[in-house]
Every structure is written in C-alpha cells, then in structure tokens.
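J.: I would like to see how this sequence folds:
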Amino acid sequence: MDSGTEHTVLHDEDNAEWRFRPVAMFRGGAARRYGAPRQGVFDGGAEGVVEFAPGRNFETALRDLAGFERAWLLFVFDRNAGSWRPTARPPVAPAEGQERIGLFATRSPYRPNPIGLSCVRILGVEGRCVRVAEADLLDGTPILDLKPYVPVADAFPDARAGWVERQAAERWAVEESAEFRAQAEAILSWRGPDVAATARLQLCADPFDATRKRVARTPEGGTLSLRMFRIDFAAAAEERVITLLRIRSGYSPSNLADPADPYGDKELHRNFRAASWPSHGTAEVR
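T.: Numbers count the residues shown, from 1 in each chain. A predicted model of the protein is given here:
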C-alpha cells in the first residue's frame, strides 16, 4: 500500500475491505501471548510505551493528550494464527456451567477482524511517545489508533454485564514469598517473561481449573507451568489465598546441554539454574 495512504476502500459487490496503517507500536516487557495480562486494570497490568511513527507529524497530533488520565488503544492481535470461531471459552465461566459464549459477547482475541481494545492509564507524553500503565498488550503490537478516555461519555458503571455477572469463581488473593520474588525479578532482569504477573493472572480465579491452564495439584498445593518454568504454590482454600513459593526450571541438565532450542530460552534457564536463591521467606501481598 502507498505509504502516503491512510486507508483504502476496496469495493467487492456488497463487501468493503479496509486496510489500515499502524500509527504506532507498543513497547513493553511481555513478548509471548501467555505473558500478557487479561484486562490490565485488574492485575495492575504492565507499563510500556506507545511509540508513534516518525515523519507523520504525530508529535502535533499528541498535543493536549497529557491532560487526560486514560486513553483507549485500538490495536491488532497480530500474533493470533488460525481462524475465528463463533463461540469462545472465557477464562472464568458463568456459574451455571456454560462452557462457551457467543464470540461477540466476549473479549476473545480470536475475532473475524483481529482488532483489540484496551483502556490504559497515561503516565506521560514525550514527543512521539506516550508512556502508559495497566496495559495488556505484547511488545511490538501494532497500534491503529489512540483516543482519549472521557468519563462522562465512556463510563457506565450501572450497565448490565450479561453472563459476566454470573461468573462462578470468586477471586483469590495472591501473595509471594521472598524466594519467588527474587527469582521472578532475576528472570525479568535477564529479559525473560514476567512470571509473577502471569502467575497472578492465572491463579487469581479457579486456580486448579486445568482446562484453562497447565496446573496440577501437589501435596504442597499446586504447580503452574508457564512454558518451561514451573511455579510451586500453596493454597489456603478457606481464606482463598494463593502463595507463590518458588520457580523451577522445567529443563533437566541434559536438556540444557542439547543445542536444540525450539523456544529460544535455554540460555535464560541456564542462568536461572546457575543462580542461588534465598530460602523461603514471609509472603507479601501483591
């Protein structure tokens, strides 16, 4: 498409196809789909930068945005392969046990047009960059548009929410031991995934639902698998509290000695296995 064209309409009998150019890219710490928060506002989400393209006068277009606390991001689910389905399986099902929901009654990323919508908190505007928090996007996500969040027009706190109001699971509090916290921070410092954010996301509702996550019960509580990392946790059912105890590598020494590296993460796991970690400490609520 011509680089000077903002969008093109192609008429094909009763159908029109629209082609859009991204205006920006999201830069953040989550590189893989399983590491992206779902609805970042619930989990604290992640900080990142919406980096607008140069040479298109976007610096001027961003003028006056700093006066807003929040903004809507319209983006592309660019890493979702495969076709969409007319129904989706929500992370937390309705109380009556309905397993699948009509797609357009969900926020599923697998859609006829792979367009996402996220409401982020604005931390600052600097030139062509908008620093944001509570984001649920992957690093490198193409941004189609940014619009300011206007409470008088965008907030309807008393609006009905359909099946979401009948979700069965109550949220669990998630705490972290000192050992887990040190391990998770080290993995981040080595440019690995945000294991802590992903574990909180996976375990804050229906923590033992193995149909929606890779989790297994253990005498200690449970183990959650995130790609090749294993997170051991304890669960206090009566209080509905999960305590993240420690992280383990799913690779054995012989696995790590094999030069084949299909996930591109063996160097990360070598660093992880070579490190020493503090013994179990008091859990902290996160």
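
J.: domain parsing of this structure, as residue ranges.
T.: As assigned by automatic domain parsing, the chain contains the domains 7-166, 173-285.

J.: adding mean neighbour count and mean pLDDT, write those domains out as JSON lines.
T.: C-betas here are computed from N, CA, C, even on glycine. As requested, these are exported to JSON lines (neighbours: other C-beta atoms under 10 Å; pLDDT from 0 to 100):
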{"stretch": "domain 7-166", "mean neighbour count": "15", "mean pLDDT": "83"}
{"stretch": "domain 173-285", "mean neighbour count": "16", "mean pLDDT": "87"}
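
J.: give me the contact list for whichever strand in the chain runs longest.
T.: Assignment by DSSP state E gives strand 115-126 as the longest strand of the chain. Residues outside strand 115-126 that contact it (C-beta atoms under 8 Å, 6 or more residues apart in numbering) are 40-41, 45, 47, 62, 65-66, 68-77, 109, 130-137, 141, 144, 149.

J.: tell me the strands beside whichever helix or strand comes after that strand, with direction?
T.: Next helix or strand after strand 115-126 toward the C-terminus (DSSP states H and E): strand 129-135. Here strand 129-135 has these sheet partners by DSSP bridges: strand 46-52 (antiparallel), strand 115-126 (antiparallel).

J.: narrow the contacts of strand 115-126 to those in strands?
T.: Among the contacts of strand 115-126, the members falling in strands are 47, 70-76, 130-135, 144 (criterion: DSSP E).

J.: closest one of those to Pro157?
T.: Arg70 (14.7 Å; C-beta to C-beta).

J.: now that closest one: how far from Ile231?
T.: 31 Å (C-beta to C-beta, to the nearest Å).

J.: repeat that for Thr87.
T.: According to C-beta to C-beta, Thr87 stands 30 Å off from Ile231.

J.: over to Ala186?
T.: 14 Å.

J.: check Val195 too.
T.: 7 Å.

J.: now do the shared contacts for these two.
T.: Taking C-beta under 8 Å, 6+ apart as the contact rule, Val195 and Ile231 both touch Ile247.

J.: ok, of the ones in strands among the contacts of strand 115-126, which one's closest to Arg246?
T.: Glu47 (25.7 Å).

J.: any idea what the nearest residue to the closest one once chain neighbours are set aside is bridged to?
T.: Nearest residue to Glu47, sequence neighbours excluded (C-beta to C-beta, 6 or more residues apart in numbering): Ala133, at 4.9 Å. Under DSSP bridges, the beta-bridge partners of Ala133 are Arg121.

J.: thought Ala133 was touching Val50?
T.: No. Under the criterion of C-beta atoms under 8 Å, Ala133 is not in contact with Val50, lying 11.5 Å apart.

J.: all strands for the stretch 101-250 of the chain, in order.
T.: Taking DSSP state E, counting those that start in this stretch, the strands of the stretch 101-250 of the chain run over residues 101-102, 115-126, 129-135, 142-148, 173-176, 215-218, 221-226, 229-236, 241-249.

J.: how far away is Asp194 from Leu226?
T.: Taken as C-beta to C-beta, the span from Asp194 to Leu226 is 10 Å.

J.: same question for Asn57.
T.: In this structure, Asn57 and Leu226 are 42 Å apart, going by C-beta to C-beta.
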